[in-house]
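1. Fold the following.
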Amino acid sequence: MQFRRFGNKYFVRIDRGEEIMSSLKKFCEQEKITLAEVKALGAVDDFNVGLFDVEEKKYHTNRFQFPAEIVSLWGTITTKDGKFYQHIHMSAADVHGNVFGGHLNNARVSATCEMIVDDISEGSTNGFVVERKFNEEVGLNLFEFIN
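-> Predicted structure coming up:
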């Protein structure tokens, strides 16, 4: 993984064989990023995405092992109990154009992953903090706005 910073934006390259979620966590912890928007494109060959069923309060996951182009990867970086928290969704297309996606659990890069991380940890938050807090009704860690 390599990156360069331009103002509050980072251009990050995650390389072949690297795992996207663990690379993003390592990068954000190294750069002390606690609030950001993430978007990316690239290619993967092994990825696990899921869907949270609110009624059952459980995730259903699907693993895909084939060459695929990342059609869309988007998410947020926040904290939960003061620690790094990422919420990322990804869609990827196979050789026939079929798209599979959902909540990203992990993905191995097959060629490259070009990611932009828009860091808003400081400066533009107007004194607010965005933390995650578990919501019993929904069963997920939701945004909690702290002033």
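
2. and Thr125, what pLDDT?
-> Predicted confidence (pLDDT) for Thr125: 60.

3. who touches the closest residue to Ala107 other than its chain neighbours in this structure?
-> Leaving out its chain neighbours, the residue that sits closest to Ala107 by Cβ to Cβ, 6 or more residues apart in numbering is Phe47, at 3.8 Å. All C-beta spots, glycine's among them, are computed from the backbone N, C-alpha and C. The contact partners of Phe47, by Cβ atoms under 8 Å, 6 or more residues apart in numbering, come to 63-64, 68, 90, 92, 104, 106-108.

4. which among these end up buried?
-> 64, 68, 90, 92, 104, 107-108 (16 or more other Cβ atoms under 10 Å).

5. Next, format those residues as JSON lines and append secondary structure, distance to Ser23 and pLDDT.
-> Below are the buried ones among the contacts of Phe47 laid out as JSON lines (DSSP: H, G, I helix; E, B strand; the rest coil; distance: Cβ to Cβ, whole Å; pLDDT from 0 to 100):
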{"residue": "Phe64", "secondary structure": "strand", "distance to Ser23": "19", "pLDDT": "98"}
{"residue": "Ala68", "secondary structure": "strand", "distance to Ser23": "18", "pLDDT": "98"}
{"residue": "Met90", "secondary structure": "strand", "distance to Ser23": "14", "pLDDT": "98"}
{"residue": "Ala92", "secondary structure": "strand", "distance to Ser23": "17", "pLDDT": "98"}
{"residue": "Leu104", "secondary structure": "strand", "distance to Ser23": "12", "pLDDT": "98"}
{"residue": "Ala107", "secondary structure": "strand", "distance to Ser23": "10", "pLDDT": "98"}
{"residue": "Arg108", "secondary structure": "strand", "distance to Ser23": "10", "pLDDT": "98"}
